Each structure stands twice: as C-alpha cells, then as structure tokens.
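Undergrad: Turn this into a model:
(2 chains)
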Amino acid sequence: AQSVTQLDSQVPVFEEAPVELRCNYSSSVSVYLFWYVQYPNQGLQLLLKYLSGSTLVKGINGFEAEFNKSQTSFHLRKPSVHISDTAEYFCAVSEGYSSASKIIFGSGTRLSIRP
Amino acid sequence: ETGVTQSPTHLIKTRGQQVTLRCSSQSGHNTVSWYQQALGQGPQFIFQYYREEENGRGNFPPRFSGLQFPNYSSELNVNALELDDSALYLCASSMGFGAQETQYFGPGTRLLVL
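TA: Just a heads-up that it's a prediction; the model follows:
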C-alpha cells in the first residue's frame, strides 16, 4: 500500500531564506508524485508534479522538487521565500497506471515565514 | 482560481441527519473526485466519478455516496451523520481519470456535525 510521510509538521523560516520541505513515500509500484499548497480557507493548488523523465521538477512560484528513487524522497525547495508563501504544503502520491486517479496525501507541513 | 466551485461553504448538522454537498467542475472535465480533510490532516480520497459512473472508492462506508451529472456538476451525499464526519470536503475535477491527470480543487465545504 502507498503511503506518504512528511517529516516536519511545521517549518518556521525567515523571509528571503531558503527552505526545504521533506517528503518520503512508500510504494511497491511506480508512482506519480505531487506537491500541493493550501492557503488559509482555500482549496488545494498544484505546485508541481513528477510523472517521468528529469528528476528535477520546476513548479509555480519558484518552487522545485527532486525525485530520488533510491531514497524514495520528493523534497520541495525554494531558494528564497516570501511572506506570501505562508501556507500548508502537502506531498502526495498517485499510483502509476491506476484506473482511478486516487491521490494519497501526507499530513502536511505548515510553512510560516517570519519577517 | 481553479474554475471549480462548491456549495455551501459552511454547514452545521446534527448527528443522524443527512447532508448533500455540491460541486461544479470545470467545463469539459469528465472526472470528479471527492476528498475528506479532517482538521490538521491531509485530504483522504472518498471516491471518484467518471462520466457519471463511480470509478474508484477509498475506505469510506456506503453511507457516503455520490452522483455526477452531464452538466459537470456533482453531489456528495452522507447519510446518518456521525460526529467524526466533521471535516472540510473537497471536490476536484480533471479531464480524465488517469493517475497523471492534474486535479483542480474547489475551495471546499466545511461541515460541522453536532
């Protein structure tokens, strides 16, 4: 069975500092990987996704993530954060070749930016 | 803005009642998925509908049911509400049902069961 572990429930960072949000997954088959962001009182927005090909994936708002198959990780990074990046971030996995796009989400990491 | 809308935004019900939540997908999106997000947790997959047929279900009891209509709208129905059903309910639409499809989420309906 697939599962996603987000290693940090909260990450406080100063504005303009770099940030890394960690994510590990487990699956016995090939997977697709996603990062979603949820701003307060809003739904989820896709930041980026890994389907195949290059292991470094670039997304919106300056975020990027690297797929590491040997370490079963998909960590999210941004070189310089802004106050507007304050939100909850969810790592997610979907089983490749599945007949239904069932997404398994991690428990989330709350990113708080200090001025 | 994802083009996906949900109604109502908030709802209060009592234990044992029934509730219907509504979702309007992006035009042309044949697939809608529903998720339950309890406080402080990630969303959990309830089920998915593709062209008005159920196309996959998560670990939720039969009292959670759904409908999808030809006009890209859909419903989530929950019977015999329990206190643990209190959560944010999210719908997401996509062009197809494959795992690689991008899902576009609505803002959610927050349900409180007393």
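
Undergrad: the bottom helix or strand of the chain by mean pLDDT?
TA: Using chain A. Here the helix or strand of chain A ranked lowest by mean pLDDT, DSSP states H and E is strand A:103-105, holding a mean of 89.

Undergrad: um, chain B though
TA: strand B:53-57 (a mean of 89).

Undergrad: Which residues are in contact with the residue lying closest to residue B:32 once chain neighbours are set aside?
TA: Excluding the flanking residues, the one nearest residue B:32 by CB to CB, 6 or more residues apart in numbering or on different chains is residue B:74, at 4.5 Å. The C-beta positions use only the backbone N, C-alpha and C, and glycine is treated the same way. By CB atoms under 8 Å, 6 or more residues apart in numbering or on different chains, the contact set of residue B:74 is B:22, B:23, B:25, B:32, B:34, B:49, B:66, B:67, B:68, B:91.

Undergrad: ok, now residue B:95?
TA: B:28, B:29, B:30, B:31, B:101.

Undergrad: Up against chain A, what does chain B have?
TA: Within chain B, the positions near chain A by CB under 8 Å from any CB of the partner chain are B:2, B:4, B:31, B:33, B:35, B:40-45, B:48, B:50, B:55-56, B:58, B:90, B:92, B:94, B:96-108.

Undergrad: on that earlier part again, now the least confident helix or strand of chain A, how far from the chain's geometric center?
TA: With CA atoms, centre = their mean, to the nearest Å as the basis, strand A:103-105 stands 11 Å off its chain's centre.

Undergrad: From the contact counts, what lies against it?
TA: Applying 3 or more CB pairs under 8 Å, 6 or more residues apart in numbering or on different chains; DSSP states H and E, we find strand A:103-105 packed against strand A:3-6, strand A:87-95, strand B:31-37, strand B:44-50.

Undergrad: Just say which of these is most tucked in.
TA: Ranked by mean neighbour count, these are led by strand B:31-37 with a mean of 26 (mean count of other CB atoms under 10 Å in any protein chain shown).

Undergrad: so it versus strand A:87-95, what angle?
TA: Counting by axes from the mean of the first three to the mean of the last three CA atoms, to 10 degrees, strand B:31-37 points 130 degrees away from the direction of strand A:87-95.

Undergrad: if you average pLDDT over strand B:31-37, what comes out?
TA: For strand B:31-37, mean pLDDT is 94.

Undergrad: Put the alpha carbons of it into PDB.
TA: Extracted in PDB, the C-alpha atoms of strand B:31-37 (Å, rounded to 0.1, in the frame of the first residue of the first chain):
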ATOM      1  CA  THR B  31     -13.900  13.200 -13.800                       C
ATOM      2  CA  VAL B  32     -14.700  14.400 -10.300                       C
ATOM      3  CA  SER B  33     -13.100  13.200  -7.100                       C
ATOM      4  CA  TRP B  34     -14.200  13.900  -3.600                       C
ATOM      5  CA  TYR B  35     -11.900  14.100  -0.500                       C
ATOM      6  CA  GLN B  36     -12.400  14.500   3.200                       C
ATOM      7  CA  GLN B  37      -9.900  16.600   5.100                       C
END
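
Undergrad: which helices and strands sit right next to it?
TA: Judged by 3+ CB pairs under 8 Å, 6+ apart, strand B:31-37 is in contact with strand A:103-105, strand B:44-50, strand B:73-78, strand B:87-94.

Undergrad: Which among those is found nearest to residue A:13?
TA: Nearest of those to residue A:13, taken as CB to CB: strand A:103-105 at 22.2 Å.

Undergrad: Parallel or antiparallel, which strands does that closest one pair with?
TA: Sheet neighbours of strand A:103-105, with direction, are listed as strand A:87-95 (antiparallel) (DSSP bridges).
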